[in-house]
Each structure stands twice: as structure tokens, then as C-alpha cells.
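Asks: Output the structure for:
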Amino acid sequence: MKDGVKLAVGTLSVLPVGVPSKVDRAVAGQAMVLAPAVGLLLGGISAAVVAGADALRPDAPLLSAVLGIVVLVALSGALHLDGLADFADGLGSRRDRETMLRIMKQSDIGPFGVVSIAGVLLIDVAALSACIQSGHGWQALLIATAASRLTLPWSCRTTVPTARPDGLGAMVASTVRPLTAVLLTLLTTGIAGLLLRLGSADLQTIVGAGAAALLAVVVGLSVVRRARKALGGITGDVLGAAVELALPTALLVLALTS
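Replies: Numbers count the residues shown, from 1 in each chain. Alright, predicted model coming up:
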């Protein structure tokens, strides 16, 4: 499990945790199961920034939201945003499977990638700003970050193949049992409701937290379904896209229900 923790934190963040002594598919599966916990860690740091900025300037929720999202992106090394851009460019090309995979592997970013990054960041900031104004800003960011990483065990369940024989997708694909993903979803949903309950949120907001986590999973499943249809399976870029599309979804649901 120690190697799984190192792989999870080292892959999903820029935090220095050292190199795992062994990396195989069993360790990779552990890392994907631990992904929501890494989300809580990164979300906790970002949420602290939001709470601190909001305390200093309660009249500037947009500033707090921007700082929170920037810190979150920095902590993740912009890895998921890069995956989203690559996946968008690949799908946007409307070419055959091999060409899409080749486009996704290139280091440059095309117009579809730029638009996708701009779109999700704008929604992230706008939705988080609304949550801050409702008095649940730091909780919303913490919940959404964990919920977005919940897409990873779902994307890597045993029924999902890899699109390439190598790379991150090949290592983590088909490593998580569906029951484990279900249990992680229930746990994350419960934590989300508890966080808002501790913040004296009303019932509608607490229910919204559960809905945010569930809809984040639905978005992740939709991304994987599209990837399987277009590419034959998942890649590391697909996983990044699932995370980055699930995050604004969760924040938007929380903004509309708080």
C-alpha cells in the first residue's frame, strides 16, 4: 500500500513523496483507488487558500475563487488540463482511431484543446465564486476536487480496456473492481454531506453535495464511453479529461443548490 500511496500522490500531484520501490498493475490499481483521497489532500490545500482569501477580502469572491483554482491547477501540475486538451484535439480532428491517438500524443495544443481548457477554467471560477458568496466556498472546492478524482477508479474498473499497449492508461486500465468504485462513491458522497453539515448548510445544499459527487461520476463515465467508442479504450489523456470535466460539473451543481 505504501507504493500505492506514493504512486497516487506522485502521479496526481507535484507533491514530493518519493519514488515507489515497485510499480506494477496491482500498485497501479491501489493508486487509482486512492485517487479520491489525493483529491481531498489537494482540495484541502486549495480550500485553505480560498478560506484565507475570503476572510481577508470577503467582498471579493472572484479573487478567492481564482486563487483557489490556480493553486489546485498548480498542485496537480496542470496534468489533467493537458489530458483534456489532448483528448479534445484528438476527438475534434474527426479522424480515424490511429490518427486521433497520434494527435493526442503530440506535445502541441490545437484550437479544440485551447477552447476546452478555457471553458472548464471559466466554469470552475464562476461556479466557485457563487459557492463562496453562498458561504460554502472552501467546502465546495474540497468536495468537487475529491468528486472529480472519484472518476479515476470508475474509469479504471475491470471492464474498461486500454487504447494503447503502453503508457499510463495501459498500466491502470482494468485494475479496479466495480464494487470498489461503488464503495468509494458512497464514501465520498457521505463525506461531502458531512462537510456541509458541519458548515450548518441547509438540507438542499447537503443533497446538492451528494448530487455533485454522483454527477461527477456520470460525467467521467460519459468520457470513458466516448473514448471507448472513438479509441477502443482509455489513455492517460482520457483520465485527465474525465477529471477536468467532472470538476466544473461538481462545482456547478454545488453553486446551483447552495
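
Asks: And the helices in the stretch 1-150 of the chain, which stretches?
Replies: Counting by DSSP state H, counting those that start in this stretch, the stretch 1-150 of the chain has helices at residues 2-12, 25-33, 35-56, 61-75, 79-92, 97-105, 111-133, 137-149.

Asks: Helix 137-149 and the least confident helix or strand in the chain by mean pLDDT, what's the angle between them?
Replies: In the chain, no helix or strand scores lower on mean pLDDT, DSSP states H and E than helix 178-198, which sits at a mean of 84. Relative orientation of helix 178-198 and helix 137-149, computed by axes from the mean of the first three to the mean of the last three CA atoms, to 10 degrees: 180 degrees.

Asks: buried sites along helix 178-198?
Replies: By neighbour count with 16 or more other CB atoms under 10 Å, helix 178-198 contains the buried residues 180-181, 184-185, 188-189, 191-193, 195-196. (Glycine included, C-beta is placed from N, CA and C.)

Asks: Output the contacting helices and strands for that helix.
Replies: helix 35-56, helix 137-149, helix 151-155, helix 203-231 (3 or more CB pairs under 8 Å, 6 or more residues apart in numbering; DSSP states H and E).

Asks: Tell me which of these is the most buried.
Replies: Stretch with highest mean neighbour count among the helices and strands packed on helix 178-198: helix 137-149 (a mean of 31; mean count of other CB atoms under 10 Å).

Asks: Convert it to CSV, retaining C-alpha atoms only.
Replies: The C-alpha trace of helix 137-149 is given here as CSV (Å, rounded to 0.1, in the frame of the first residue of the first chain):
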residue,chain,number,x,y,z
GLY,A,137,-16.7,28.2,-0.8
TRP,A,138,-14.0,26.1,0.7
GLN,A,139,-16.3,23.2,1.3
ALA,A,140,-17.4,23.3,-2.3
LEU,A,141,-13.8,23.2,-3.6
LEU,A,142,-12.9,20.3,-1.3
ILE,A,143,-16.0,18.3,-2.3
ALA,A,144,-15.6,18.9,-6.0
THR,A,145,-11.9,18.1,-6.0
ALA,A,146,-12.5,14.7,-4.3
ALA,A,147,-15.5,14.0,-6.5
SER,A,148,-13.6,14.7,-9.7
ARG,A,149,-10.8,12.3,-8.7
